[in-house]
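# can you look at this prediction? I've put the sequence above it.
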Amino acid sequence: MKVLVACETSGIVRNAFVAKGHDAWSCDILPSEDGSNRHIIGDARDLLSGDWDLLMVAHPPCTRLCNSGVRWLSTPPPGRTLEDMWRELDGGAALFSAFWNAPIDRIAVENPVMHKYAKARIANYAEPAQSVQPWQFGHGETKRTCLWLKNLPPLAPTDIVEGREPRVHRMPPGPNRWKERSRFFTGIAAAMADQWS
């Protein structure tokens, strides 16, 4: 399969599909962390009408879409305005909409639980097909991840493990916190590549 992994710099999902023999590419406005030549720097929306005939896995930024951040829409963080917050919400919803409505046969979009303002702004919004936890795929952590799926089966757990550490939730502030909080889990990526191949 020719696979597009949108909004990914880590290469975790891309590499899982490459390991299964697929022609997989990641795309993000930032360079790939692993220096791979299978990474396109740019806006993934520019690639959606390409020949990604079988599958796209998208990880659009969730900062303004997720339920945990809805508080900023009424009281913005220091140094920001309400207009900033709502403009970023509109941008995030437009990006999610572009991926969800892409002309590709099989689509998976991952994000956390969304608030009602995000849902109202997403074209052809549908509730997620499932939510998964890292501990179902070999990681002793909690981080509920929702999957919106088109023409793909829900993922089946592959390695249920002990431990329910909310590592991501407890990360301290810092310059790379956003990147580490959004890093995808290798066990879930491997399940995607295995079960959706």
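That came through fine.
# tell me the secondary structure at Asn15.
Assigned with DSSP: H, G, I helix; E, B strand; the rest coil, Asn15 falls in the helix class.
# show me what contacts it?
Neighbour list for Asn15: 24, 34, 36, 189 [criterion: C-beta atoms under 8 Å, 6 or more residues apart in numbering]. (Glycine included, C-beta is placed from N, CA and C.)
# and for the residue nearest to the spatial centre of the chain, nearest residue in space, chain neighbours not counted?
Nearest residue to the geometric centre of the chain (C-alpha atoms, centre = their mean): His59, 2.1 Å. Once flanking residues are discounted, His59 sits nearest to Cys7: 4.5 Å by C-beta to C-beta, 6 or more residues apart in numbering.
# what's the neighbour count on that neighbour?
22 (other C-beta atoms under 10 Å).
# that one and Arg45 touch, don't they?
No. Shown here, Cys7 and Arg45 do not form a contact pair, counting by C-beta atoms under 8 Å, at 10.2 Å.
# which neighbours do these two share?
Shared contacts of Cys7 and Arg45 (C-beta under 8 Å, 6+ apart): Leu95.
# for the protein, what spans make up the strands?
Along the chain, the segments classed as strands by DSSP state E run 2-6, 23-28, 39-41, 55-58, 107-111, 130-132, 145-150.
# ok, of the contacts of Asn15, which come out buried?
In the contacts of Asn15, burial by neighbour count holds for 24, 189, counting by 16 or more other C-beta atoms under 10 Å.
# and Leu82, how many neighbours?
Neighbour number of Leu82 under other C-beta under 10 Å is 12.
# typed the wrong thing, it's Gly92
Burial measure for Gly92: 23 neighbouring residues, criterion other C-beta under 10 Å.
# with Ala120 instead?
The number of residues packed near Ala120 is 10, by other C-beta under 10 Å.
# kindly report the same for the one 10 residues further on.
Residues lying near Gln130 (other C-beta under 10 Å) number 14.
# contact partners for it?
Gln130 is in contact with 146-147, 149, 154-155, counting by C-beta under 8 Å, 6+ apart.
# go again with 7 Å.
Each residue near Gln130 by C-beta atoms under 7 Å, 6 or more residues apart in numbering is listed here: 147, 154-155.
# for Ser197, same thing?
Shown in contact with Ser197 (C-beta under 7 Å, 6+ apart): 20, 22.
# for Ala16, what are its contacts?
With C-beta under 7 Å, 6+ apart, Ala16 has these contacts: 189-190, 192-193.
# and the residues you listed, which is closest to Ile29?
Nearest to Ile29 among the contacts of Ala16, counting by C-beta to C-beta, is Ala189 at 20.7 Å.
# for the closest one, give its distance to Ile160.
Using C-beta to C-beta, to the nearest Å, Ala189 is found at 17 Å from Ile160.
# can you pull the pLDDT of the residue nearest to His59?
Here, the pLDDT recorded for Cys7 equals 92.
# what do you get for Pro175?
The confidence metric pLDDT takes the value 69 at Pro175.
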